[in-house]
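Peer 1: sharing a sequence plus its predicted fold:
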Amino acid sequence: MEIKFTICNLFALLLFCSYTICFAASEQPQDDAIKIVLDILKSEDKDMQAAAISMVNQMPGTEVTKALAKELPNLSPTAQVQLLYALGDRGDAIALPVVITAVSATDRSVRIAALKALGQLGDASSVTLLAQTAAATLGDEQKAARESLYRLRGPKVDQKILAGTPKADAEVKVELIRSMGERNISKAVSVVLKTAKDTDSKVRLESFRVLKVVASPEHLSALLDLLLKVKSSSDRNEAQKTIAAVAHKIEDKNRQAEAVLTLLPSVKDIQGRCSLLSVLGKIGDNSALPSLREALNSDNVDIRGAAIRALADWRTAEPAADLLKIAQNSENKVHQILALRGTVRLLGLESNRPVKETVEMYSKAMSLAPDNGEKRRVLSGLARAKSLAALQIAANYIRDKSLFKEAELAVVKIAGSIYAEYPQQTKDVLKKIIQTSENESMRQQAQELINRIERLEDTAEVSNEKDN
């Protein structure tokens, strides 16, 4: 292998020297050098072909590019692929026509290489071809077309994408809209706000996704208006995510919900109010908590449900107590479950709440859990609580045939965080795991923790003896 590599490099050097000599002595130096390269590319020796291709970029001039491009169709697929990559690297737009033709080649590898080269050589005139190819293909071919569409450079490329979107077929329109996001075309907002109302669902959903990228806080009013007019649940959900993403671009976290809060009082439609409440949950601005707490007392069950879901989605732990209260007092079974799950989720977030209070809330949630499925959810959350009380709660369920798996996991995880502070209590609980667990991994983890505790005890004992 080393010998072949050396020969190839030696050949490349000789080829370059030959080209240099030709350039100095011949009246047609480029023709001679190009002929050498093309003869090798037409040969069957792949290693020699690779060496010849490596010299292409060192041969300056558009005439070289023109001659190489002209011979492209006469080469084998393998040589075409190599030359297409070389033509792309050369960056001479004079090769563009032959590259465009190669996009329709019968050989798939040639088509992919041509699409990649198009991203380097193309301009605004290549937008439609790349978008249509991306819409009509799959896999690596689609990926090459998309990436080249995103890479196209030139003052009129973005303009071509924006101008061509409204009249494009649905599948092509999706690709053009996607490219607006990938290229971060800030001027695309007005176009994408319109495509978000398109009759095709794929176009609408892609529009909402791209608006997350290109829209700015100044567009929140238009986005909210769009949200209140959508018809399908999938559109509504995507629109809510989009508004939250754009609101998060506001640097002042206490003003991210301002546009929604300003609009909320004037919206009387139930579905519209529920949508706005959901957005508030996704934004997670604490200034919205009073409005959501007010909605919890609404006479309308849907509004109460939307407020509960919003609080359950909160980014911080503040609403945990509100949700636990709902789980305890609501007469609506669905609301109870939503609030309970939200409570468990929020209890797992960082907060200034004392650990003792957190464990008490977990204990209350455990007592409110209506079935084993919800109890497992609580135990999984409890595993994050670093306290002896949490360990003891989890230990109560290690003999429960329905809950022992989650209880064992919680015990071992909690023990791993508190054994240095409570060595004996932790060791006593871990011994129960070793005695009762059917899970070998759990028993091993418990034993490893016990070994750590005993090493700490031995160290402490030695230290005491020295002190005495």
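Peer 2: It's in.
Peer 1: the residue nearest to Val355 when sequence neighbours are not counted: neighbour count?
Peer 2: Nearest residue to Val355 in three dimensions, chain neighbours excluded: Ser387, at 4.8 Å (CB to CB, 6 or more residues apart in numbering). (C-beta placed from N, C-alpha, C; glycine too.) Neighbours of Ser387 under the rule other CB atoms under 10 Å: 20.
Peer 1: now Ser387. Its backbone dihedrals?
Peer 2: phi -150, psi 160 (degrees, to the nearest 10).
Peer 1: hmm, it is touching Ile418, no?
Peer 2: Yes. Contact criterion CB atoms under 8 Å: Ser387 and Ile418 qualify, at 6.8 Å.
Peer 1: tell me how far the residue nearest to Val355 lies from Ala327.
Peer 2: 22 Å (CB to CB, to the nearest Å).
Peer 1: how far off centre is the longest helix seen in the chain?
Peer 2: In the chain, with assignment by DSSP state H, the single longest helix is helix 440-467. Helix 440-467 sits 43 Å away from the centroid of its parent chain (CA atoms, centre = their mean, to the nearest Å).
Peer 1: now do the buried residues in it.
Peer 2: Within helix 440-467, the residues scored as buried using 16 or more other CB atoms under 10 Å are 442-443, 445-446, 449-450, 452-453.
Peer 1: relative to Lys42, how far out is the closest residue to Tyr422 other than its chain neighbours?
Peer 2: Once flanking residues are discounted, Tyr422 sits nearest to Leu388: 5.0 Å by CB to CB, 6+ apart. Using CB to CB, we find Leu388 at a distance of 80 Å from Lys42.
Peer 1: ok, those two, which is more surrounded?
Peer 2: Shown here are Leu388 and Lys42; by other CB under 10 Å, Leu388 has more neighbours (17 against 13).
Peer 1: you'd agree that one is up against Gln425?
Peer 2: Yes. Leu388 is in contact with Gln425 according to CB under 8 Å; the separation is 5.9 Å.
Peer 1: overlap of the contact sets of the two?
Peer 2: Common neighbours of Leu388 and Gln425, counting by CB atoms under 8 Å, 6 or more residues apart in numbering, are absent.
Peer 1: what comes up buried for the helix or strand containing Lys116?
Peer 2: Assigned by DSSP states H and E, Lys116 belongs to helix 108-121. Neighbour-count burial for helix 108-121, counted by 16+ other CB under 10 Å, picks out 110-121.
Peer 1: looking at those residues, which is nearest Asn184?
Peer 2: Ranked by distance to Asn184 (CB to CB), those are led by Gly119 at 16.8 Å.
Peer 1: what's the closest non-adjacent residue to that closest one?
Peer 2: Nearest non-adjacent residue to Gly119 (CB to CB, 6+ apart): Ser148, at 2.9 Å.
Peer 1: any idea how far the one you found is from Leu130?
Peer 2: For Ser148 relative to Leu130 (CB to CB), the value is 5 Å.
Peer 1: and if you look at Val213?
Peer 2: On the measure of CB to CB, Val213 and Leu130 end up 20 Å apart.
Peer 1: neighbour count winner among those two?
Peer 2: Leu130 (26 against 18).
Peer 1: now do the contacts for the residue nearest to that one when sequence neighbours are not counted.
Peer 2: Residue nearest to Leu130 in three dimensions, not counting chain neighbours: Leu149, with 4.1 Å by CB to CB, 6+ apart. By CB under 8 Å, 6+ apart, the residues touching Leu149 are 119, 127, 130-131, 134, 175, 179, 182.
Peer 1: if I look at Leu149, how far off is Asp158?
Peer 2: 11 Å.
Peer 1: what helix or strand does Leu68 sit in?
Peer 2: Judged by DSSP H and E, Leu68 forms part of helix 62-71.
Peer 1: and that helix, what's buried?
Peer 2: Buried-residue list, helix 62-71, by 16+ other CB under 10 Å: 64-65, 67-69, 71.
Peer 1: low-confidence regions, the stretch 1-150 of the chain specifically.
Peer 2: Low-confidence segments of the stretch 1-150 of the chain (pLDDT under 70): 1-33, 43-47, 49-50, 54, 57-58.
Peer 1: please redo it, this time with the cut-off set to 80
Peer 2: Low-confidence segments of the stretch 1-150 of the chain (pLDDT under 80): 1-61.
Peer 1: returning to what we had before: can you redo the buried residues of helix 440-467 as CSV with distance to Thr459 and pLDDT?
Peer 2: CSV is the format used below for the buried residues of helix 440-467 (distance: CB to CB, whole Å; pLDDT from 0 to 100):
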residue, distance to Thr459, pLDDT
Met442, 26, 93
Arg443, 25, 94
Gln445, 22, 94
Ala446, 21, 94
Leu449, 16, 94
Ile450, 15, 93
Arg452, 11, 93
Ile453, 11, 92
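Peer 1: and which of these is nearest Ser234?
Peer 2: Met442 (41.9 Å).
Peer 1: the residue lying closest to the closest one once chain neighbours are set aside: what's it in contact with?
Peer 2: If the residues on either side of it in the chain are set aside, Met442 comes closest to Glu408, at 4.9 Å by CB to CB, 6+ apart. Glu408 is in contact with 398, 433, 437, 439, 442, counting by CB under 8 Å, 6+ apart.
Peer 1: could I have the buried ones of those residues as PyMOL selection syntax?
Peer 2: Here is the PyMOL selection string for the buried members of these, based on 16+ other CB under 10 Å:
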select buried, resi 398+433+437+442
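Peer 1: which pair of the contacts of Glu408 spans the longest distance?
Peer 2: Ile398 and Asn439 (11.0 Å).
Peer 1: sec struct for Arg293, please.
Peer 2: helix (DSSP: H, G, I helix; E, B strand; the rest coil).
Peer 1: can you check the pLDDT for the closest residue to it other than its chain neighbours?
Peer 2: Among residues not flanking Arg293 along the chain, Asp322 sits closest, at 6.4 Å (CB to CB, 6+ apart). We have a pLDDT of 96 for Asp322.
Peer 1: need the contact list for Asp322.
Peer 2: 293, 296, 311.
Peer 1: ok, and the most crowded of those?
Peer 2: Leu311 (29 neighbours).
Peer 1: rewinding a little: pick out whichever of the contacts of Asp322 sits closest to Lys413.
Peer 2: Once CB to CB is applied, the member of the contacts of Asp322 that ends up nearest Lys413 is Leu311, at 26.8 Å.
Peer 1: surely that closest one and Gly342 touch.
Peer 2: Yes. If you go by CB under 8 Å, Leu311 and Gly342 touch, sitting 6.0 Å apart.
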